[in-house]
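1. I need the structure of the sequence given here:
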Amino acid sequence: MAETPVTPTRRSKRFQPLISHAPPSTWTWTDESTFWTSRQPCYVRLSVPADYEALKDDDSWTPSPGMHTAFYTSFTRLKPARPVSYRAANGTSRRKPRSARGKGGAADEKEVYSVGDAVCVDSDWSRRDSVGVIVSMWDFRASEDAESGEGSIYVRIHWFQRPSELPAVRPKREHYENEVYYTLDAQAVLPTFKIVSHCTVSIQPPKPKEEPTRRAPRSKGLAPQEDEASFYCRFAMDWKRGFYYEFDWEHHRANALAQSIEEQASGRSWLVSTEAPTKRTAQMKRRRLKVVAPSGSESDADSEFRGPPDGEEPGSDDDELPSIIEGAESETDVKSVVTDDLPKTPSKKRKRTVASPSKSITTPRKPRTTTKLAAPTPHSKAALRARARSRKAPAVRVPPPDLTQEHYRQLENLPEDPWLRAMHVLHVAARPNNLPCREDEFNRVLRTVEELLEEGSGGCVYISGVPGTGKTATVHAVVRELKRMAESGESNPFTYVEINGLKIPEPSAAYNLLWETVSGHDVTTDGHLRVSAKEALKQLTKHFNAGVKAGPGSHAYVVLMDELDQLVTTKQDVVYNFFNWPTLVGSKLVVIAVANTMDLPERVMSGRVRSRLGMIRINFQPYTTEQLKQIVQTRLRTAADSLPNTHTAALTPDAIKLASMKVASISGDARRVLDVCRRAAELARAAGRPGEARDVQAALAALQRSPTAAFVNTCSLHERIMLVALIRCVKREGVEEIQWDKIREQHINYTYALGTGESTRVPRPGELTVVLDSLLASRAILMEDGPTAARKPMADRRVILNLEQAEVERVLGEVGGQPWKQALSVEA
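-> Residues are numbered from 1 along each chain as shown. Take a look at the predicted model:
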């Protein structure tokens, strides 16, 4: 009895994150319009794992025993011909009717792609095509004498790199229009449909384009043919280390094609071997070109053309090349490529005349006027597409430029007033070059990120600590040091992205910020990408899953996720994806997560998120009294360096010590001690004397007389207990919105411990509702409202604190004493 065929079951994808699989698993390797130019292969051998490495993600494909790989020299692809217009009987030109097509119509065009051809490749992550060269092509067959079995064609591409595909933080140099760099060993196996067209790569520098004197006549019935893309290559590049090498593309291509068929099949003949970089390789005189963008600017990665100096043609001087690194005077970073039979001849200056632009007079053209069509109906496809184009992208605030050193630059323009200068450097926005008391944390973060960049692997670094302990300032100092090292060639290049949870409208907008950087989009000139968060997530997952197959634009990214507490959602999908991408092979993504809670992963995040966070965790302890004194004295010393020795001190040592002791006993927040000392210096300046302890006392009293402090001092016992219960729930849950039922339960638990001396009677539910209404009426706390919230039970509605949490904790601790500080987990 024959067995009944069973339909294979599919794996359900419900309740899974909205992510896409790696591109190779979804590629269709069989193309009906593509076939081998010659059915006879040039080389056949047993298949090796490197041949079918691109298919390892495809679960439906497995290598068969005795399978062979057949290599070919070219393949042919049919390109559909353009529709040909014909002249009707009434003299008007229109397209041939559908019934008449196929009878005597134009045949499909044939495109032949051979080994060694430079091609444009469709890029999934960028709007511009990538550039590569075909190094080998093959298919699989059951045995050596068998014919091609599956009809799939696999093409190995060796990549060139455009300047826009390079990391943003790298040694800066100038480049010509359409200049590309030959990669040393970056290759990928792609299907034929990824190849867009032929292109030309030349070693001759581009010439300035002349404006045409008149428009060329167009043949009737044929569409204009587009010119092939032309590129210029004079350097090979190690993008991992940021090194440029002198390179002769035409000689390298001829040498690779002359190698044995075994070397060509594996693609090894197209790899570039280089000399090991030494301390002093060669002394070459270089004329420095005019720098278009300032050193360290990230706009160099997005710009595609840096022109030569005025009055000189590009490439007019062969031995005068653009400088590689800003400030490199004696040592060059251009290395020599080792080629077997390539003699090195001294370059000779060649003088060329500069082509002058054409000055022919052209007839002004009259703008074409089109007849205005009727407006589409509101629900037509045209109207829907127009509304989709006009829909604004989510409002995402781009992180501002680094202006932390601007305060110290302005010291030169300030008068010789010690109090005014002290107030200037004690501002919380002024950050010195070196952060005192955070040297160990700085070195640990720097060493960790630098090792990940050197290894070319991804990873996560979790930084925690209470507010005001220098977490963000330390990470910014680490990023500045990494940028300096990358631009000087001491570290591997990378691209930096900063995402602040308080500066984006919703957590999913973090996908848009990262995708704008990965795709090479220039926000400053083109504005934000009009793409949804779901589409950005899909493209990011496709890019990081692809690894080395992502194309030549796949390089290291360093992402700072500041205020991670604001990015935690109920489903935790945002933090999961950002922590999961670094674990993928070849992603080269380094995530630095900064949060205010040390045990946030254990309390809030699920097991799948914690498992991807890793074990690299750095905790910033609150500042002590001595550390706060050192921070204030370091800033005051910077302000007094440019003053004469006879100047008056802005603050006395006793005043600094008192302010440090007061702040260290409450929170250890460096920002608060800076505010206190700044206010004390302001009071002392009015009196014309150094700031003393009484000025510090007056500043502390002024801070305590804030509206928040005045309100909390006037609250009743149970109103203060409810505020403590709310803050405690926020710290325990890790989110700001807490259900009313949990606050009520916590309030009852705290009544006996915090009501000792006044009232320990447990209030009834109705009485707690009265306390809640009182706080809601004063706008101290807010409760969700609206039609949706009205349908919820009262116990399930969420409550949020509408006051500054740190200030409320401080005042409650001062009013209630030690039991209240323990309830708030505030050290005495």
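
2. can you report phi and psi for the nearest residue to Asp565 once chain neighbours are set aside?
-> Spatial nearest neighbour of Asp565, chain neighbours left out: Ala595 (5.4 Å); criterion: C-beta to C-beta, 6 or more residues apart in numbering. The C-beta positions use only the backbone N, C-alpha and C, and glycine is treated the same way. Phi and psi for Ala595, reported as degrees, to the nearest 10, are phi -140, psi 160.

3. so what's Ala595 up against?
-> Shown in contact with Ala595 (C-beta atoms under 8 Å, 6 or more residues apart in numbering): 462-464, 563-565.

4. can I get the residues you listed in TSV with distance to Thr474 and neighbour count?
-> Formatted as TSV, the contacts of Ala595 follow (distance: C-beta to C-beta, whole Å; neighbours: other C-beta atoms under 10 Å):
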residue	distance to Thr474	neighbour count
Tyr462	14	22
Ile463	8	26
Ser464	12	20
Glu563	15	17
Leu564	15	27
Asp565	18	17
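
5. so of those residues, which ones are in helices?
-> Nothing among the contacts of Ala595 maps onto helices, per DSSP state H.

6. in three-state terms, label Tyr750 for me.
-> Judged by DSSP: H, G, I helix; E, B strand; the rest coil, the three-state class of Tyr750 is helix.

7. tell me how far it lies from Ile743.
-> Note on Tyr750: its distance to Ile743, by C-beta to C-beta, to the nearest Å, is 11 Å.

8. more neighbours, the two?
-> Using other C-beta atoms under 10 Å, the more surrounded residue of Tyr750 and Ile743 is Ile743, with 23 against 19.

9. for the stretch 101-250 of the chain, what spans make up the helices?
-> Here the stretch 101-250 of the chain has its helices, by DSSP state H, counting those that start in this stretch, at 249-257.

10. where in it is pLDDT low?
-> Residue ranges of the stretch 101-250 of the chain with pLDDT under 70: 101-108, 124-126, 148-150, 208-228.

11. now do the strands in it.
-> 109-114, 118-121, 130-141, 154-161, 179-190, 195-202, 229-238, 243-246 (DSSP state E, counting those that start in this stretch).

12. with distance to Gln410 and mean neighbour count added, can I get these in JSON lines?
-> Listed next are the strands of the stretch 101-250 of the chain as JSON lines, based on distance: least, C-beta to C-beta, whole Å; neighbours: other C-beta atoms under 10 Å:
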{"stretch": "strand 109-114", "distance to Gln410": "61", "mean neighbour count": "14"}
{"stretch": "strand 118-121", "distance to Gln410": "50", "mean neighbour count": "22"}
{"stretch": "strand 130-141", "distance to Gln410": "45", "mean neighbour count": "24"}
{"stretch": "strand 154-161", "distance to Gln410": "41", "mean neighbour count": "24"}
{"stretch": "strand 179-190", "distance to Gln410": "40", "mean neighbour count": "22"}
{"stretch": "strand 195-202", "distance to Gln410": "50", "mean neighbour count": "17"}
{"stretch": "strand 229-238", "distance to Gln410": "40", "mean neighbour count": "20"}
{"stretch": "strand 243-246", "distance to Gln410": "38", "mean neighbour count": "19"}
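
13. need those strands in JSON lines with distance to Asn802, can you?
-> Converted to JSON lines, the strands of the stretch 101-250 of the chain look like this (distance: least, C-beta to C-beta, whole Å):
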{"stretch": "strand 109-114", "distance to Asn802": "65"}
{"stretch": "strand 118-121", "distance to Asn802": "54"}
{"stretch": "strand 130-141", "distance to Asn802": "52"}
{"stretch": "strand 154-161", "distance to Asn802": "52"}
{"stretch": "strand 179-190", "distance to Asn802": "54"}
{"stretch": "strand 195-202", "distance to Asn802": "56"}
{"stretch": "strand 229-238", "distance to Asn802": "55"}
{"stretch": "strand 243-246", "distance to Asn802": "55"}
